[in-house]
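>>> show me the folded form of this:
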Amino acid sequence: MIHIVQKDHPVLRKMAESVVISDIPKSQIQKVVSDMKEALQGQDDGVAIAAPQIGETLRIFVVSGKVWNLMKPKELNKKDHTPYPDEVYINPEIIKTSKRKKKVEEGCLSVRWLYGKVSRAEKITVRAYNEKGEIFTRGGSGLLAQVFQHEIDHLDGVLFTDKAEDVEEILPKKTP
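Have a look, this model is predicted:
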């Protein structure tokens, strides 16, 4: 199992480095992406993960296919119920954000059991490369916009608790 580093680890406070585009298909980058997907799949409550969260200072994040199942129907525009694949974002750039912001509840796999409200743009557009080295643009609203902003913060060495209000600890319920 891939270890997810926690809030006091110095890697979480570093500015992640851009990936050289020609290196994307190489085994080192592919292994990082694979490890990120494995780490994310091992967390029932995880919807995305950034490379620094597994100790890698690279500008990569992965959004779990689970995000699509959590979004409201109007945010999806999808009729069938086939599972969504995880999406990989390498060297992501925010190219557009809405002026409208909303305070949303957040938590983090690297700041376990702390939750708080963070002001996030309601809509955002990101340009990035996928794990094949192809450039793409993806717009998102609601949960997806929130995820994009949270993960790009990680790549910039920022934790949600740096921006959050009303932070509280909520421990998981114990099962008998």
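
>>> now the terminal residues of stretch 119-137, how far apart.
Taking C-alpha to C-alpha, to the nearest Å, stretch 119-137 runs 23 Å from one end to the other.

>>> ugh, typo on my part, it should be stretch 118-128
24 Å.

>>> centre of the chain versus it, how much separation?
Computed by C-alpha atoms, centre = their mean, to the nearest Å, the separation of stretch 118-128 from the middle of its chain amounts to 12 Å.

>>> in it, which residues are buried?
For stretch 118-128, burial by neighbour count (16 or more other C-beta atoms under 10 Å) applies to 118, 120-126, 128. C-beta here means a position set from N, CA and C on the backbone, and glycine is covered the same way.

>>> what mean pLDDT does it have?
Confidence for stretch 118-128, expressed as mean pLDDT, is 98.

>>> what does it rub up against?
89-104, 106, 135-142, 145-146, 148-150, 152, 160, 163-165 (C-beta atoms under 8 Å, 6 or more residues apart in numbering).

>>> and with 6 Å instead?
89-90, 92-98, 100-104, 106, 137-141, 145-146, 148-149, 160, 163-164 (C-beta atoms under 6 Å, 6 or more residues apart in numbering).

>>> which members of the residues you listed are classed as buried?
For the contacts of stretch 118-128, buried by 16+ other C-beta under 10 Å: 89-90, 92, 97, 104, 106, 138, 140-141, 145-146, 148-149, 160, 163-164.

>>> which residues touch Gly65?
83-86.

>>> who wins on neighbours among these?
Asp86 (18 neighbours; other C-beta atoms under 10 Å).

>>> can you tell me how far the residue lying closest to Tyr84 once chain neighbours are set aside is from Asp23?
Once flanking residues are discounted, Tyr84 sits nearest to Gly65: 3.6 Å by C-beta to C-beta, 6 or more residues apart in numbering. Separation of Gly65 from Asp23 (C-beta to C-beta, to the nearest Å): 25 Å.
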